[in-house]
Each structure stands twice: as C-alpha cells, then as structure tokens.
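Peer 1: next input, structure requested:
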Amino acid sequence: MKELSLHILDLAQNSIVAGAKLIEIEVAESKKNDSLTILIRDDGKGMAADFAKTVTSPFSTTRTTRKVGLGIPLFEERAEMTGGRLSIRSEPGKGTELFAEFGLSHVDRVPMGDLAGTAFLLMNSNPQLDFRLLVRVDEDEFMFDTRQIREALGAEIPLNSPEVAAWMMESLKEGIESLHGGM
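Peer 2: Predicted coordinates:
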C-alpha cells in the first residue's frame, strides 16, 4: 500500500469483520514533535492476549481463504521505517485499539493519500455502522461523527442516500482540507 489512508481502510475493514458497531479513527499531525499518529479503535469482538501478541507476524491471520495476513505487519513496518512504532491493545468482548506513530518529515514516510475519500468509502459502504473521524493538525482539529448525523436526520433517512452521501463527502473534504490544504 502506497498511502497511509489505504492502510486505514484495511485496518478499519478488520474492525468491521470483528463485528464493530463503532469505529473511531484519529489522525494527528504535530509539526512541533515531528510526528504523525494514527489511532484506530473499535468496539468489536477483540482478541485474546496470545493472539494479539502475534498479529504483527504476516503468518498470523484469522482468514480462512489464505494463511497470510499482511495489513498490520506492513503498517508496523511503515511506522518503524520512520523511527516510529506500533502498539495494539485488545480485550475479548471489548474491542481493539491500534496506535501507530510515524516520523512526520522522515523521507521514508509514505503520503497520507485521500483520507476524506477513505473515510467516506467506509461510512457510505457501511451505513449501519457508526464512525468517528478526528483529524488534528497541531492545535486545529476537524471531527466528523456519523452518530451526530444520524441523530439530526432521524431513522428514516439512511446515511448512504444520495443527498446525504454527497453532503458527507463534501464535508469530509472541506473539513480536512481546511486544516492545511489536505493531508
């Protein structure tokens, strides 16, 4: 994967497969600390401690269609290549939290890519789930929470109806770009 947003998409898919009803994605850029952090938290089924310790191995997967899982190991490698790190906390029945830190200006940090498009794809493809996206650049932040939209619209209007979807995409793009002209 050539963009961090694609890693986020892949990792959020893991949360969806794990039965999450709420997926929280936080992306924070600190020029002062020269860091970029990505946090993905879900309320899915979680992992047993022994399995959670092995998920950074490409030969650790719950998939039955293949014996290799590369999403988390590649994400960890991307972080470590920039002097960063990856950590995972998970508890069965309570969910999983994945945290990665990258060197912001490091030459080996891959670009963020289309974070707004990734968030929109997740939200529009899974309208039954809730997502909370928080993007922070130094002291400025943008937050988008489907629970708030759902509350404002009521139960009769789905999040993936054409008018709502168009508004969501535009809001995500404008909100993220307003922080510094895009990530």
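Peer 1: ok, Lys53 to Ile16 distance?
Peer 2: 23 Å (CB to CB, to the nearest Å). C-betas here are computed from N, CA, C, even on glycine.
Peer 1: which one of the two has more residues nearby?
Peer 2: Ile16 (16 against 13; other CB atoms under 10 Å).
Peer 1: how far away is that one from Arg78?
Peer 2: 21 Å.
Peer 1: show me what the longest helix anywhere in the chain is packed up against.
Peer 2: Counting residues, the longest helix found in the chain (DSSP state H) is helix 162-180. If you count contacts as 3 or more CB pairs under 8 Å, 6 or more residues apart in numbering; DSSP states H and E, helix 162-180 packs onto helix 115-125, strand 130-137, strand 140-145, helix 146-153.
Peer 1: in the sheet, which strands lie alongside the third one, parallel or antiparallel?
Peer 2: This means strand 140-145. Its sheet considered, strand 140-145 pairs with strand 130-137 (antiparallel) by DSSP bridges.
Peer 1: can you list the buried residues in the lowest-mean-pLDDT helix or strand in the chain?
Peer 2: Using mean pLDDT, DSSP states H and E, the weakest-scoring helix or strand in the chain turns out to be helix 49-52, at a mean of 77. Across helix 49-52, burial judged by 16 or more other CB atoms under 10 Å covers Ala52.
Peer 1: same for it, what does it pack against?
Peer 2: Using 3+ CB pairs under 8 Å, 6+ apart, helix 49-52 sits against strand 85-91.
Peer 1: what's next to the strand it packs on, contact-wise?
Peer 2: Applying CB atoms under 8 Å, 6 or more residues apart in numbering, the contact partners of strand 85-91 are 46-47, 49, 52, 55-56, 72, 75-76, 79-80, 96-101.
Peer 1: can I get that strand as PDB, trimmed to CA atoms?
Peer 2: What follows is strand 85-91, C-alpha atoms only, in PDB (Å, rounded to 0.1, in the frame of the first residue of the first chain):
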ATOM      1  CA  ARG A  85       6.200   2.400  16.400                       C
ATOM      2  CA  LEU A  86       3.000   0.400  16.500                       C
ATOM      3  CA  SER A  87       1.100  -0.800  19.600                       C
ATOM      4  CA  ILE A  88      -2.000  -2.900  19.900                       C
ATOM      5  CA  ARG A  89      -4.400  -3.200  22.800                       C
ATOM      6  CA  SER A  90      -7.200  -5.600  22.700                       C
ATOM      7  CA  GLU A  91      -9.600  -7.300  25.000                       C
END
